[in-house]
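J.: Everything below, folded, please.
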Amino acid sequence: PDFARWFSGKTVLVTGATSGIGREIAKQMAHYGSKVLLCGRNIETMNSLLKELNAITLSSPKVFFVDLADTKSLQELITEVNKSYDIGILVNNAGFGYIGDFYTMPENKIRSMQEVNIIATVELCRAFLPKMVKKSGSGILNVGSVASFFATPGSALYGATKYFILGFTDALHQEMLSKGVNVTGVYPGNTESQFLERATNGKVKNFEKAMNPTLVAKSALKGLSENKLRVIPGLNNRIKAFAASFFPKSILLSKIYTNTIKY
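T.: Have a look, this model is predicted:
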């Protein structure tokens, strides 16, 4: 595609790269001529991704096996990347979810969700932006969720972390307009990945058909190259985001909770 030229020759760091949207973003950016740095935890899926990428690009991808919920690991990642690479594009895709009533949520999952979904995103942006503003053509892509636009009972903390991504990314986009750094938020609905399986523990029903992550990744990267404020892939998701602004909240919350959780 025409917008691929914007990514050519740039070094990109992708978190949550082993499945779903992150995996597809890594593959597409390799096709576009970017040097790809990958963050993930699953060795098996990372190795399979490396095989795919090595068939696409002559530039061997660098891999960081990092638990972003661990503060020390996150800081070690930042130090190593800043020392060895000049990041042109940051893709904050890593996410952690849990579906179920908040009062039953394990303490370790509460902390991990905040660390991965909020703290890691903020720390990585803060670490790499000082270099990004010194050259044109840099960019940050933050992956939120359609849940960023309305409260999600049954996943109260997850929804709140995605509210944060929306507000943070909107404001950062405006701050960076005069600095020449593109900042875009992408807000997909249910997308094919390992995320939902890890988050649900079998407590989900009536979930809509998952979107193809290849299509989500392409629309996200196109939006970033054009410095769009928000990208909401899929007509159904755009309708949801629009409806959330005027639909009676009590009815909306009841419908989400009733249609999502089973006991």
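J.: Next up, the contacts around residue 123.
T.: Residues near residue 123 by C-beta atoms under 8 Å, 6 or more residues apart in numbering: 74-75, 78. (C-beta placed from N, C-alpha, C; glycine too.)
J.: In terms of helices and strands, where is it?
T.: Here residue 123, judged by DSSP states H and E, is contained in helix 120-132.
J.: Likewise for residue 90?
T.: Taking DSSP H and E as the criterion, residue 90 maps to strand 89-92.
J.: Now do that strand, average pLDDT.
T.: On average, the pLDDT along strand 89-92 is 99.
J.: okay, the angle between the helix or strand just after it and helix 120-132?
T.: Later in the chain than strand 89-92, the nearest helix or strand by DSSP H and E is helix 107-114. If you take axes from the mean of the first three to the mean of the last three C-alpha atoms, to 10 degrees, helix 107-114 sits at 30 degrees to helix 120-132.
J.: could you give the mean pLDDT of the helix holding residue 123?
T.: In this model, helix 120-132 has a mean pLDDT of 98.
J.: again with stretch 243-252
T.: Confidence over stretch 243-252 (mean pLDDT, whole number) is 64.
J.: ok so, going back, out of the contacts of residue 123, list just those in helices.
T.: Using DSSP state H, the subset of the contacts of residue 123 located in helices is 74-75, 78.
J.: any weak-confidence spans in the stretch 1-150 of the chain?
T.: For the stretch 1-150 of the chain, no stretch has pLDDT under 70.
J.: rewinding a little: which other helices and strands contact the strand holding residue 90?
T.: Contact here means 3 or more C-beta pairs under 8 Å, 6 or more residues apart in numbering; DSSP states H and E; on that basis strand 89-92 packs against strand 11-14, helix 20-31, helix 120-132, strand 138-143.
J.: Can you dump the C-alpha atoms of that strand in CSV for me?
T.: Taking Å, rounded to 0.1, in the frame of the first residue of the first chain, the C-alpha atoms of strand 89-92 are listed here in CSV:
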residue,chain,number,x,y,z
ILE,A,89,8.0,3.8,16.0
LEU,A,90,6.6,2.4,19.3
VAL,A,91,3.6,0.0,19.2
ASN,A,92,2.1,-0.4,22.7
